[in-house]
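[1] Here is the input, now give the coordinates:
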Amino acid sequence: MRKFLSGVWRAATFPFRLVFNILAFPFRQIYRFHKYLNAEPEEHPIAEVFANIVTQDETRQMLWAQVDALRAHLLRSVLALAVTVVASFWVAQDVMEFLAAPIGGLEKLQAIQVTEEIGAFMRVAMSVGIAAAFPYIAFEFWWFAAPGLRPREKKMGLAGIPLATLLFLTGMAFTFFVLLPAALPFLGGFTSISEFWAAREYFGFVTGLMFWIGLFFEFPLVIYALTSIGLIKPQVLAQQWRLAVVIIAILAAAITPTVDPVNMGLVMLPMILLYFISIGLSYIAYAGRRKEQAKAQVPAEDEGAG
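    Below you'll find the model as predicted:
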């Protein structure tokens, strides 16, 4: 009889419990996410982990668990990129026309090989897909690193995802609106040879340049994050600025299609500016880290005195 009454009660209250669970679901998720953001990580020094890999099965299992987690994050990132690339097929033609505007439109380009048109189309679609999937890919990398970060570092990393996306798009916009208008006339007017540019070469050059400079615009944010977790100190960046300028010059020579001082200077100038901005951000992150460490030491000293 008791089982019968219990079954009747569950059947009668099922609609109400269903509605309650549906309404409570977002609040539960928000609570779980808030708890996740404020959870303190387990302390596992890197040197100790590598020392225990050979001797302790538990350490090896933890390491393989991290490898499996990284594989899952990478798989989701690739799937998201595939979705955005496929979705970009509907706008790739318009984007190609936009990218070809500096040279007078698509009619100024020609396809020499049979598969050249579809190759150029896919390259542009890939670039659009990367730009669209960038926030989610950045979130996946944050999600992978979050268990080892402190609450402040988790929140700063999560808040930095929109900024990282903005910086990447800013770098791509800088390349198209500033660098290309200066580089293309020089490349096209260097000699008296008639200009009949292949579509594959043109779109490969434009999208590649936009991608790499867009990535370099992430440098200040990366430096800030690495300083926040204690891997980089701003004093080292400030002292090694001359070496950084040399490395930037090498990177600019590798990224730009020519080694003339005009085009290299156009690439080097924002890179050098971003480097010095990174030094300032590194000092800010370093000060915040020291402040957090000081706060953590005060309770420990109070406990010791007690």
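[2] Buried residues in the strand or helix carrying L166, which are they?
    Taking DSSP states H and E as the criterion, L166 maps to helix 151-174. Buried residues in helix 151-174, counted by 16 or more other CB atoms under 10 Å: 153-154, 156-158, 160-161, 164-165, 167-168, 171-172, 174. Quick note: C-beta positions are derived from backbone N, CA and C, even for glycine.
[3] List the buried residues for whatever helix or strand comes next after that helix?
    As assigned by DSSP H and E, the chain's next helix or strand after helix 151-174 is helix 180-188. Applying a neighbour-count criterion of 16+ other CB under 10 Å, the buried positions in helix 180-188 are 180, 183-184.
[4] Of the residues you listed, which one scores lowest on pLDDT?
    Ranked by pLDDT, these bottom out at A183 (76).
[5] Rounded mean pLDDT for the helix holding L166, please.
    On average, the pLDDT along helix 151-174 is 86.
[6] and the angle for that helix with helix 180-188?
    50 degrees (axes from the mean of the first three to the mean of the last three CA atoms, to 10 degrees).
[7] okay, the buried residues of helix 180-188 in CSV with distance to L18 next?
    Conversion of these to CSV gives the following (distance: CB to CB, whole Å):
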residue, distance to L18
L180, 57
A183, 62
L184, 62
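[8] on that earlier part again, for the buried residues of helix 151-174, name the two members farthest from one another.
    The span of these, defined through CB to CB, is set by K154 and F174 at 30.3 Å.
[9] The closest residue to F219 other than its chain neighbours: which element?
    Using CB to CB, 6 or more residues apart in numbering and skipping the chain neighbours, the partner closest in space to F219 is L274 (5.3 Å). Using DSSP H and E, L274 sits in helix 261-305.
[10] distance between that helix and the chain's centre?
    Its chain's C-alpha centre and that of helix 261-305 lie 19 Å apart, by CA atoms, centre = their mean, to the nearest Å.
[11] Please apply the same query to stretch 191-203.
    Relative to its chain's centre, stretch 191-203 lies at 33 Å (CA atoms, centre = their mean).
[12] Got the phi and psi for A198?
    phi -80, psi 140 (degrees, to the nearest 10).
[13] before we move on, what about Q113?
    Backbone torsions of Q113, given as degrees, to the nearest 10, read phi -100, psi 160.
[14] residues in contact with it?
    Neighbouring residues of Q113 by CB atoms under 8 Å, 6 or more residues apart in numbering: 119, 200.
[15] gap between it and G204?
    Per CB to CB, to the nearest Å, Q113 is found 13 Å from G204.
[16] can you give me the helices for this structure?
    Using DSSP state H, the helices assigned to the chain run over residues 2-37, 46-52, 57-87, 89-99, 116-145, 151-174, 180-188, 199-216, 219-228, 234-239, 241-255, 261-305.
[17] Save those as TSV, and put in distance to K108 too.
    Putting the helices of the chain into TSV (distance: least, CB to CB, whole Å) gives the following:
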stretch	distance to K108
helix 2-37	51
helix 46-52	54
helix 57-87	26
helix 89-99	11
helix 116-145	13
helix 151-174	22
helix 180-188	10
helix 199-216	9
helix 219-228	34
helix 234-239	44
helix 241-255	24
helix 261-305	21
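[18] Out of those, point me to the one whose mean pLDDT is lowest.
    Between those, the one with the least mean pLDDT is helix 46-52; it has a mean of 53.
[19] What is the burial count for the residue nearest to A238 when sequence neighbours are not counted?
    Sequence neighbours aside, I279 is the residue nearest to A238 in space, at 5.4 Å (criterion: CB to CB, 6+ apart). Each residue near I279 was counted by other CB atoms under 10 Å, and the total is 18.
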